[in-house]
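A.B. asks: Next comes the sequence, and after it the predicted model I'd like to discuss.
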Amino acid sequence: MQLCPPTAPRLLRRSHGIKPSAQAGPWPIRQHLKQPLGSVFDRRAVIAGSAAASSMSVSAVALEVVQHSPTVDTRESSRTTPQPAEQAQQSSEKFNWQQSWYPVAALTSLKSDAPNAVYLLGTRLVIWQDKQGTWRCFEDLCPHRLAPLSEGRIHESGQLQCTYHGWTFNEQGNCTSIPQIADTKAHQTACSSSRACVKAYPTQVFQDLLWVYADSSPPTWAAAAAGKLGLPPAASPDIVHKGWELKRPWFQRDVPLSFDVIMENLTDPAHVAHSHHGVIGSRHSDHRMDISLQGPVTIAGFKTLVTPAAAGIPPYEVTFTAPSLVRWERSPTLTLNMVPTRKGWSRIMVTFVGPKDSDRSRPHIPGLPPLVGFMLDSLDKHIWLQHIMSSNPVIDGDTLFMHAAERTLYERGDHTSWSKQYYMPATADVAVMAWRRWMDKFGDTLPVLPQSAADLPPTLPREQVFDRYNQHTKNCPHCKAALRNTELAIGAVALLAAIAAGSFLVAAINAASVLPAAGALGSAVADSSSAGGLTTAGLWVVARLAAVAAGVATVGSLIVAGLFKLRQQFIFVDYVHAEH
């Protein structure tokens, strides 16, 4: 039986430090490549990794809970170091996907005056904001007749209302109103039933993201009430420990890719020069690189060292922190959070994190044309331009590859069959191997992990693979506003051009109609040569007015065509590598 969460606590938005996991010594790459796939991991490393990851469970670190005191000190100086959990993972070698925090949405993508629908681990959720400004998360179904609450509304009382029959739910998921029951006692009895409750999940706001804890059980809410759920392990440690800041707002997009496949891509620096040629890389540059594993692959994640052969690119680390964080530790640090939403789909969130005293918002890219680099730097002032010219093209650059490849992978076997299907002879593939082995060893209980091609949606046409509107624009306030302004501009320019062209054309017609009368009057009072001169001048005026009308119509048409092309950038752009 599902019990409603306790009514007293309200989660406080707080920032705390992440307790770093233990690191082991360097990993011998030659041994890594030569040993059989099943014998790569040292048993002692696995045990150490399990112990190091114990801080990642239900009670990993302390999350502040606001009790019913009249005032709460939220200043930075009042924050305390999180303590280890009482319900930590002990000897289990499987990652607990339910007992972890996930960044379900960038705050800027959420509507505060209406419910928001999201997916997490295959479960449909609804996000909404109460009167106190706290974000709440419920399972997206009404217990009455299973209607989606995300299609409901925020009631005048500040509670969430299902608009199918009007049932209303408070911040903890308790039913407070069933309009169809008139008798007071019967109404109270019905509302107090556990069957009238909506399943609620803990939330917190950190680093401009809304995080949801994927377990709604009574022990989890008890841990939340005791302040033991903690900060997300997948939060950026650069912000927590170094005091760095976001250099760009989060870019968010849903992609038609399974979590294991997209994470494989995010840990792979070797693909950038080719997949993203002309956007953030160049296929003509030196692609040689060596990637080595730094320490064991543990339940907490792993770290790799990338050593490019190209001049001007110093070595950098690519790290994975379970369940969802990948960091490319350059200057600034590329920070990616990937959310497993449902089978065949994931949500990616990307930003750069750097020191507060640095103006750099992206890493230096050798071989990138200076004009392209200048344009990328200029985009920071216009987020929507950054999204259509950089962020979205980067996602488009390899999505179709992975969308097709994952279906081939699962048509031929399950997620463990990569070791037989992939041929990876270069050390540049070490990070991909590390990710796949992490999934095989620790992450194979992921609820949305496909077991075969039958678990995946049908192969999508290009129009849906590259569907920018539904995957990004409709949830991005910057791009949504730019699209609206573009469509308004199309209508305004078309209207003004039509009015201007029509005015000149009418003037030309009126002038032409006056000419015969003017010619007749001229012949009565002057000689024929004078009348011929007047007629010629009049014809010249008519021709000029007609030419101006045609010019205005042409210029207006060109502007409208350009605006339509800009509009398309927010909706769908087919990415063809042969054209790049």
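C.D. replies: Perfect, I can see it now. Numbering: from 1, shown residues only.
A.B. asks: Not counting the host helix or strand of Phe320 itself, show me its contacts.
C.D. replies: If you go by DSSP states H and E, Phe320 is part of strand 316-321. The contact list for strand 316-321 (C-beta atoms under 8 Å, 6 or more residues apart in numbering) reads 233-234, 237, 263, 267, 269, 291, 294, 300-306, 325-330, 431, 434-435, 438. Every C-beta, even on glycine, is put in place using the N, C-alpha and C of the backbone.
A.B. asks: Next step: these restricted to strands.
C.D. replies: In strands, judged by DSSP state E, the following of these are found: 291, 301-306, 325-328.
A.B. asks: quick one: contacts for the residue most central in space within the chain?
C.D. replies: The centroid of the chain falls nearest to Gln252 when counting by C-alpha atoms, centre = their mean (1.9 Å). Contacts for Gln252 (C-beta under 8 Å, 6+ apart) come out as 105-106, 109, 347-349, 472, 475-476.
A.B. asks: which residues does it bridge with?
C.D. replies: Met349 (DSSP bridges).
A.B. asks: okay, it: pLDDT?
C.D. replies: With respect to pLDDT, Gln252 has a value of 98.
A.B. asks: Just give the strands next to the strand holding Phe320 in its sheet, each with its orientation.
C.D. replies: strand 301-308 (antiparallel), strand 325-328 (antiparallel).
A.B. asks: number of nearby residues for His241?
C.D. replies: 11 (other C-beta atoms under 10 Å).
A.B. asks: Let me know the distance separating it from Arg330.
C.D. replies: According to C-beta to C-beta, to the nearest Å, His241 stands 18 Å off from Arg330.
A.B. asks: cool, and Asn475?
C.D. replies: Taking C-beta to C-beta, one finds Asn475 at 28 Å from Arg330.
A.B. asks: cool, and Gly230?
C.D. replies: Relative to Arg330, and taking C-beta to C-beta, Gly230 is found at 28 Å.
A.B. asks: Neighbour count: these two, which is higher?
C.D. replies: Using other C-beta under 10 Å as the criterion, Gly230 and Arg330 rank with Gly230 on top: 28 against 22.
A.B. asks: Check which helix or strand that one maps to.
C.D. replies: Judged by DSSP H and E, Gly230 forms part of no helix or strand.
A.B. asks: Model confidence for it, exactly?
C.D. replies: Reading off the model, Gly230 has pLDDT 90.
A.B. asks: Okay, it and His271: tell me how far apart.
C.D. replies: 34 Å.
A.B. asks: Also Ser258?
C.D. replies: In terms of C-beta to C-beta, Ser258 sits 17 Å off from His271.
A.B. asks: Looking at these two, which has the bigger crowd around it?
C.D. replies: The residue with more neighbours, out of Ser258 and His271, is Ser258; 28 against 17, by other C-beta under 10 Å.
A.B. asks: Tell me which residues touch that one, please.
C.D. replies: 343-346, 406, 448-450, 456.
A.B. asks: out of those, who's nearest Ser150?
C.D. replies: Distance to Ser150, by C-beta to C-beta, is smallest for Trp345 among the contacts of Ser258, at 16.5 Å.
A.B. asks: which residues pair with that closest one across the strands?
C.D. replies: Beta bridges link Trp345 to Arg342, judged by DSSP bridges.
A.B. asks: Tell me the predicted confidence for the nearest residue to Leu107 once chain neighbours are set aside.
C.D. replies: Leaving aside its chain neighbours, Leu107 sits nearest to Asp208 (5.3 Å; criterion: C-beta to C-beta, 6 or more residues apart in numbering). Model confidence at Asp208, expressed as pLDDT, equals 96.
A.B. asks: Can you give me the neighbour number for Asp208?
C.D. replies: Neighbour tally, Asp208, other C-beta under 10 Å: 14.
A.B. asks: And it, how far from Phe352?
C.D. replies: Asp208 is 13 Å from Phe352, by C-beta to C-beta.
A.B. asks: Over to Ala223?
C.D. replies: Taking C-beta to C-beta, one finds Ala223 at 33 Å from Phe352.
A.B. asks: Hmm, Val212 is touching Trp101, no?
C.D. replies: Yes. Contact criterion C-beta atoms under 8 Å: Val212 and Trp101 qualify, at 7.1 Å.
A.B. asks: So which residues of the stretch 151-300 of the chain form helices?
C.D. replies: 184-192, 218-225, 237-242, 259-266, 272-275 (DSSP state H, counting those that start in this stretch).
A.B. asks: got those as JSON lines, with mean pLDDT and distance to Gly122 columns?
C.D. replies: Formatted as JSON lines, the entries for those read as follows, by pLDDT from 0 to 100; distance: least, C-beta to C-beta, whole Å:
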{"stretch": "helix 184-192", "mean pLDDT": "96", "distance to Gly122": "29"}
{"stretch": "helix 218-225", "mean pLDDT": "93", "distance to Gly122": "18"}
{"stretch": "helix 237-242", "mean pLDDT": "90", "distance to Gly122": "28"}
{"stretch": "helix 259-266", "mean pLDDT": "96", "distance to Gly122": "11"}
{"stretch": "helix 272-275", "mean pLDDT": "82", "distance to Gly122": "28"}
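A.B. asks: Please identify the most buried of the ones you listed.
C.D. replies: helix 259-266 (a mean of 24; mean count of other C-beta atoms under 10 Å).
A.B. asks: Distance from that one to the middle of the chain?
C.D. replies: Relative to the centre of its chain, helix 259-266 is centred 14 Å away, using C-alpha atoms, centre = their mean, to the nearest Å.
A.B. asks: Please write out the alpha-carbon positions of that helix in PDB.
C.D. replies: C-alpha atoms of helix 259-266 as PDB (Å, rounded to 0.1, in the frame of the first residue of the first chain):
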ATOM      1  CA  PHE A 259      20.800   6.100 -21.700                       C
ATOM      2  CA  ASP A 260      23.700   3.500 -22.200                       C
ATOM      3  CA  VAL A 261      24.300   4.600 -25.800                       C
ATOM      4  CA  ILE A 262      24.300   8.400 -25.200                       C
ATOM      5  CA  MET A 263      26.500   8.000 -22.100                       C
ATOM      6  CA  GLU A 264      28.900   5.900 -24.300                       C
ATOM      7  CA  ASN A 265      29.100   8.900 -26.600                       C
ATOM      8  CA  LEU A 266      29.600  11.500 -23.900                       C
END
